[in-house]
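Whatever this is, show me its structure:
(chains A and B)
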2 protein chains.
Amino acid sequence: MVSETIRDLIRQADEAIREERFDDLMEFYTEDAVLVLRPGKEAHGKAEIKEAFIAIARYFNNSLVPAQGNMVMLEAGDTVLVLSQTFVEAEKKPDSEYPGERRATYVYRKVDGKWLCAIDNSYGTSLLDG
Amino acid sequence: MVSETIRDLIRQADEAIREERFDDLMEFYTEDAVLVLRPGKEAHGKAEIKEAFIAIARYFNNSLVPAQGNMVMLEAGDTVLVLSQTFVEAEKKPDSEYPGERRATYVYRKVDGKWLCAIDNSYGTSLLDG
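Residues are numbered from 1 along each chain as shown, chains lettered A, B, ... in the order given. Below you'll find the model as predicted:
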């Protein structure tokens, strides 16, 4: 099932983040993917996204542990919208401003037979607050 | 700009809903689009989606007026995630259970040069509550 495949890809990507394997992490994204860094600030394309993840790891003093909770997936052929409870834990979190629990929205696309993340927005619809 | 194009398409689709032009409305969707009817209940493909809109119009006694408020769009090449404040007004609403204000998530895809709605989820991340 597609939803199982994507759930597993997200788990693998979270593992790559925890282990700071950022080249491996980039294999999960489309070439022109977008990552929301914070409201109003995005990274576009693999080079910017990789750089952003390195900066995020540094911000969390290399102790970032992302994990997903409950998920809902909406499938439309080669496009899937994932709604996911996301938990970000970091032992060495420098402050408490970074919200630990979020409702994320991810868009996956099937490109040449492979499911890849095209849109990575851990802020979900809370971007509308900005 | 892509975001202006998509905003205009959403406005046109809302107009088609208000005027109950359901064949015109189907022109805004991909062939394998998905529409969330309520948590856990989806319509897949144009035939099911059209049928669902006819049933929704009947439920609202043909007085449905959808409108969008603040929008945020995240672009990744031929794929766009739209986060939108959505208002659903209906003069002849049969009860008050149907929430009037929502935070919707739509996914648009560029297919043969045309932007089309692939995923229409007016419930946004609230589907995670279910």
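
Chain A: helices as residue ranges?
A:2-18, A:22-26, A:45-59 (DSSP state H).

Please name whichever of those helices is nearest to chain B.
Set against chain B and scored by C-beta to the nearest C-beta, the helices of chain A come closest in helix A:45-59, at 9.3 Å. From N, CA and C alone the C-beta is placed, and that goes for glycine too.

so that closest one versus helix A:2-18, what angle?
50 degrees (axes from the mean of the first three to the mean of the last three C-alpha atoms, to 10 degrees).

Any residue of helix A:45-59 touching chain B?
No - counting by C-beta under 8 Å from any C-beta of the partner chain, no contacts exist between helix A:45-59 and chain B, the nearest distance being 9.3 Å.

Quick one: residues in contact with that helix.
A:17, A:20, A:22-23, A:25-26, A:29, A:31-33, A:35, A:37, A:43, A:64, A:94, A:120 (C-beta atoms under 8 Å, 6 or more residues apart in numbering or on different chains).

Flag the least confident of those.
Minimum pLDDT for the contacts of helix A:45-59 is recorded at A:P94 (59).

any low-confidence regions in chain A?
A:91-99 (pLDDT under 70).

just the residues of it that are near chain B, which are they?
A:30-34, A:36, A:42, A:44, A:70, A:72, A:74-77, A:79, A:81, A:83-85, A:103-105, A:107, A:109, A:118-119, A:121, A:124-125, A:127-128, A:130.

Now the buried members of those.
A:30, A:33-34, A:36, A:42, A:72, A:74-77, A:79, A:81, A:83-85, A:103-105, A:107, A:109, A:118-119, A:121, A:124-125, A:127-128 (16 or more other C-beta atoms under 10 Å in any protein chain shown).

Among the contacts of helix A:45-59, name the buried ones.
Buried among the contacts of helix A:45-59 (16+ other C-beta under 10 Å): A:17, A:22, A:25-26, A:29, A:33, A:35, A:37, A:43, A:64, A:120.
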